[in-house]
Structures are given as structure tokens and as C-alpha cells.
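Undergrad: here are the coordinates; sequence isn't available:
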């Protein structure tokens, strides 16, 4: 991985901050490669310092890069932080996320300092994936495709949602995922109308939609895919719902270009579903950023003011949900490149591919 | 499940509050049975109201009990909340977790109201598990035992941590778990010295400790178990480390009785490890509460001021971690009953059971 702290330092200076305290663990992993560590203190011109509790010390000493690792005890933490910041003559101090109580106690020790929350400084960097990240996320995507292939063989009337989820989990984890990126959804029949259905002991019945929403965690990064399978030949209404979502997904995908407004991409997907008469059943936004966290900037929604950039990774996941009956969602994780959108997940999406 | 909101109402009245806003999702699930929903508003004497976004409406209408489900739009939420609270003449309003920004905006609409965060009112109730919860958590524990049995067969020199984790995941999820309760650890060789090692592609080598820390999520509830396996006959040092942790675990278990001080239980476990000369390598507390969340009150640590009560569920997980070499942790999820401690996870713990 590249030294990403260098870019953070430039931003810190640009924003006229004297120091930045990184405390969110995906941020610490992003900058240092370490899965352990509590506070990364970055003072321009000084060596970055990663403060770790006893619990994380072994892992941080082995994994952390681009910083010095230092152990802290709970009782000594605030004084040590104050000492570092005072030693660097830091007055304007940015942070990603610290509790009010923590800030009050730290502030008492450095009365001259002003603390300002600034998540944007890090999100601006994290939402544009670098080459190392794209390589990892491509593999995370491949692992979900692998899981869907395995799960596809398990699908038949009478099997439970648990059996289906177990098959997907096995393939993904055996293939190299260290965990699920989020709680899986295998929602069949009426349960397919819940966007986050989790997994139950319900048995698949003829005529069911089966919404499968899974993701792999690979070297800390997430992938996110949804496919909707259909138990038996779908009737005209089910066909129409499926095809509408599929068209909406594809139309949004085609719009995912550098400079496109996230709001407009959502609108393109929404218009198709509204025109088919299901606007009120499309009950969420089109997509969200994906990376070290499963929900990140940029949001692809009506409330977004962002534009897509090369290196963004976002989900494209329109859906229609009919309460009591069932739902359809089709989702891929998409990388924005200079040559247009590129799917990091890419299992067959066609209705005929989805009938079992 | 019983109506747990009744008990909350008694506590609200006792604390001279006029209303309570529940927003944390495990709390909403605890009181209403619904996996969806944003705000549960409880005003004594009125029907409890669960406010849900469009995304969660289907699931909440099907699952929620003991409350009225009402849909909100993002733009109408604050006014609706203010209307409910003003209608109930509520001045002293408790909440579990609301952001400062949210409180400021809500406060402007009800200037006469005073908002007070009070998590303890809910934790006091949640940390004493009722019969319905104990039944579910017993099954969650059984699912981890099942997973360890499956994983045990996979253990041999040359297999990867991924293969081991995949086997455990399959057994657990096929058996009825809807998800992992947390990110698994399969830490082998030097990686066993990381308390939270996650899972890697490292292959098991002769002489390795293999720390396996897994948990099932079952009907929303967590279980938590750790076993340390040993690749080949352990030498004298490894035997001594293993047996020390095992004795520490058992001694703490025997102390887990109603009225025992959590700090003292931690001390009992720690004394055994210190006497064996590994005090500095026991780098965490003995245990934590387990329930709808994997880390809950009561904490079983040196900083705890709590006493164990019947219905508490806590982990018992001492460990010794030698940086660069390896570590051992032995953990069960333990229910406190009037007849003493009872293990909800119960896979063989002996050294000879753990050698492969």
C-alpha cells in the first residue's frame, strides 16, 4: 500500500490545522495498515504516532506502517496526548470522531487548543480508491460471484434460507474472505419485500422471489451484491417487476460516469420504476459508496450533492417491494473509471438466469 | 416474548421522566421484536409508538409487537416527534442515544423540554435475561458448539485459517444461525498472539497454537466461544501456558455466582496467571456481557463496580499472549443462575482434547 498519510498531511496544512487525531478504526487501517490501534496522531513535520492499548499492541507492532507505534495505559492516555500536541505547539486540531466527554477532558489539559471535527478531509481521500484498493476490491467482488455460483446450485423448492446462506458463506470464506461484509439477506416469498430481511428458517415455495444480498470482507474491504432468484416460471406481474428493476439497474449503470451527478443517476433509475407504476414501492436510494466500510460516501440518492469521480466505488441497487407479496432487487458494486463504469461484482442478472 | 415495554414504563415513572425515546436498534428489537424501526416513543399512559422509515415499514408492520407502527418521512420526522411529546405534555424526556445535532433541532421545537441521556435504565433491564432470551441464547450457544465440532474435523497441518473458518461458518449457518455474531478469529502460530486476529491465508504448521474465537447470531442474540487447538504434542512451555489459562478459566467460572463482584471474579482469574509468571501477557479483562450485542454490560474487569445477578450472561475468557510466538485463550459464554453458573457454550476444554 502507498503512504496515504502524506496526502492527509497536505490536507491538514491546506486546512490550516496543526494536527489531526484519527480515531475511527477503518481510518486507522486505511492510513497505517493496522487492524489494531486507538489514536493516530498526525502533526505535519513530525513522525505520525499510533497509540495502541495493550490489547492491540502485538498486532500493531507487526502490521503498522508509516508511523511509530506507542503503547498507552488508560490512565495515562489523555496526558500523553496533551503532551504530544503541546510539544508540537498545536492549536488548531482536527479529528474524525471523538466523544464530547473525551474532548472536554483533553481540552482541559490544552486550554489554548481548538478542536474541530472534520470527517470530510478523510472521506475525500478514502472515496477515491487507489490502485492497491482497486486490486483488493476486485477480489472481494470475485468472492461474492463465487458465493453466488455455489448458492445457485443449492436453490430448490423446499430448502431453507439458512441452507442457502450457509452455502454462500462457505464458498466465500473458503475462497479467502475473512468475514461477511454485513449480515446477509436471504429473503424468500413475502420476506423478499423486506430490504434487510436477514436469514430465517423459511422454506422456499413455488412462485417465490428469493432476494439474496451478500458481501465479502477481503483484506478489510467490502463487496456488495444482490440477485433475485425466482422459484418456477414467473407470471406476468412477477416478470414485469423483475424486468423493470433490471432495466432500472442497467440504465443507472450506464450513467455512472465521471462528472455525473449522484442525484441524477438516482433519478434515472427512479424514473423507470415510476413509469412502470411502482414508484411508491422503490423505498430506498439507488446506492452508496463501498470500501473499508459497507456504507460510505458518496451516496447515490436524491439528497446527494456529490458528483462521481474516477476511483469511486458505489452500489447500483434499485428495488421494488410489494408488502405481503414479495420484492426484487438487483445490485452490483461498480467502480468508476476514466473509461466508464466497471462492475466489481458480475453474476448473471437476466430473468431467465434467475429462474430455478 | 413478554411485553418488556411495561417494565420500561415503570422505570420511566420511577425516574420522574415524562417520556423516553429509544433509538438504538438492539433496544428497539428488545422492546418490540422488530428488526426495523428508527424511534420508539414511550409516554406512560399512551400507546407506545414505533416510528419507521419507508425502508423498514414492511418488516416493522409484520414483526412489531406491543406498539403502534407509524411511517415517517425524513422531512416530517422532527415535527411529528415534537407533536407527540407536546401532546403528552412531556417536559422531562429520557433517551438512549441521540446525536447532539438531532437534540438541538428537536429542542427548538419543544423549548420547555429537558432531554437526558439514560442508557442505564435500559441496560439494567437488558442485562438480566428473561426466560425467552435464555432459551434463544442456549440455542445460540449450541450452534457454536456445533461449529467447533465441524471445524475440529478440518484441523490438520497444512490447512489454511480460511478453510477452518469456512467449515465453522457453514455448520453454524446451516444449523440455524442467521449470521456470525462478530468477525471470527482463527489465529495460528504467531498470529495466535493477536486477541482479535481475524482470519488469514496462513497455513497451520506443526507446533502452532490455533486460537479460534467464533460466535453465532441466532434470532438476534449472540454467543461467544474461544478454544485454542494445538498442532502436535505441545512442549513443556506450551503445556504450562495452556494449563494456566485453563485453570484461570475454571477458577473464574466457579466464582460466577449471584452477588459476586465482577472485579473480584476478574482478580481470581488474573491471580492464577500472574502466579504462573504471565501477568503482563494477560492483556485484557476476563469478560463482558453478551446478549443482543456481543459486548454489553456487565463488564467483568478490574474497572467494573457491578455485581453478578441471576440472568446475567457473561463471557469467561482469560488469555496469555506471547508476541512473536503465540497465545492461548479459553472462553465460554456463561449464564448466572440461582443454582450457580451454567455454560451456554460447552465444547471440550482440556489440553488433550485440543491437540490434533
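TA: All right, it came through fine. Just so you know, these numbers come straight off a predicted model, no measurement behind them.
Undergrad: which ones are touching the closest residue to chain B within the stretch 201-350 of chain A?
TA: Proximity of the stretch 201-350 of chain A to chain B (CB to the nearest CB) peaks at residue A:283, 4.1 Å away. Every C-beta, even on glycine, is put in place using the N, C-alpha and C of the backbone. Contact analysis of residue A:283 by CB atoms under 8 Å, 6 or more residues apart in numbering or on different chains lists A:195, A:319, A:321, B:54, B:55, B:57.
Undergrad: what helix or strand is it on?
TA: For residue A:283, there is no host helix or strand (DSSP states H and E).
Undergrad: what's the nearest residue to it if we skip its chain neighbours?
TA: residue B:54 (4.1 Å; CB to CB, 6 or more residues apart in numbering or on different chains).
Undergrad: residue A:148 now?
TA: In space, residue A:148 is closest to residue A:347, 4.5 Å off (CB to CB, 6+ apart).
Undergrad: one more: residue A:72?
TA: residue A:51 (4.9 Å).
Undergrad: show the contacting residues for the most centrally placed residue in chain A.
TA: With distances taken as CA atoms, centre = their mean, residue A:294 lies nearest the centre of chain A, 2.1 Å away. Neighbouring residues of residue A:294 by CB under 8 Å, 6+ apart: A:181, A:182, A:215, A:222, A:224, A:288.
Undergrad: returning to what we had before: distance of the residue of the stretch 201-350 of chain A closest to chain B from residue A:318?
TA: Taking CB to CB, to the nearest Å as the measure, residue A:283 falls 11 Å from residue A:318.
Undergrad: same question, residue A:36
TA: Taken as CB to CB, the span from residue A:36 to residue A:318 is 38 Å.
Undergrad: do the same with residue A:245
TA: 6 Å.
Undergrad: now list whatever residues contact both of the two.
TA: A:273, A:329, A:330.
Undergrad: and the last one, what does it touch?
TA: In this structure, residue A:330 makes contact with A:226, A:227, A:228, A:245, A:246, A:249, A:317, A:318, A:319, A:349, judged by CB under 8 Å, 6+ apart.
Undergrad: where does the stretch 51-200 of chain A have low pLDDT?
TA: Across the stretch 51-200 of chain A, nothing is flagged by pLDDT under 70.
Undergrad: which stretches in it count as strands?
TA: A:68-71, A:92-95, A:114-117, A:179-180, A:185-188 (DSSP state E, counting those that start in this stretch).
Undergrad: which one among the contacts of residue A:294 gets closest to residue A:140?
TA: residue A:222 (6.4 Å; CB to CB).
Undergrad: for the nearest residue to that closest one once chain neighbours are set aside, the count of nearby residues, please.
TA: Nearest residue to residue A:222, sequence neighbours excluded (CB to CB, 6+ apart): residue A:181, at 3.7 Å. Using other CB atoms under 10 Å in any protein chain shown, the number of residues around residue A:181 comes to 24.
Undergrad: in a strand, that's where residue A:267 is, yeah?
TA: No: Residue A:267 is assigned helix when assessed by DSSP: H, G, I helix; E, B strand; the rest coil, not a strand.
Undergrad: can you count the residues close to it?
TA: Residue A:267, neighbours per other CB under 10 Å, totals 16.
Undergrad: returning to what we had before: isn't the residue nearest to residue A:283 right up against residue A:281?
TA: No: with contact defined as CB atoms under 8 Å, residue B:54 does not reach residue A:281; the gap is 9.6 Å.
Undergrad: comparing the two, which shows the higher neighbour count?
TA: residue A:281 (20 against 17).
Undergrad: returning to what we had before: in JSON lines: the contacts of residue A:294, plus distance to residue A:337.
TA: Below are those laid out as JSON lines (distance: CB to CB, whole Å):
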{"residue": "A:181", "distance to residue A:337": "22"}
{"residue": "A:182", "distance to residue A:337": "25"}
{"residue": "A:215", "distance to residue A:337": "21"}
{"residue": "A:222", "distance to residue A:337": "19"}
{"residue": "A:224", "distance to residue A:337": "18"}
{"residue": "A:288", "distance to residue A:337": "19"}
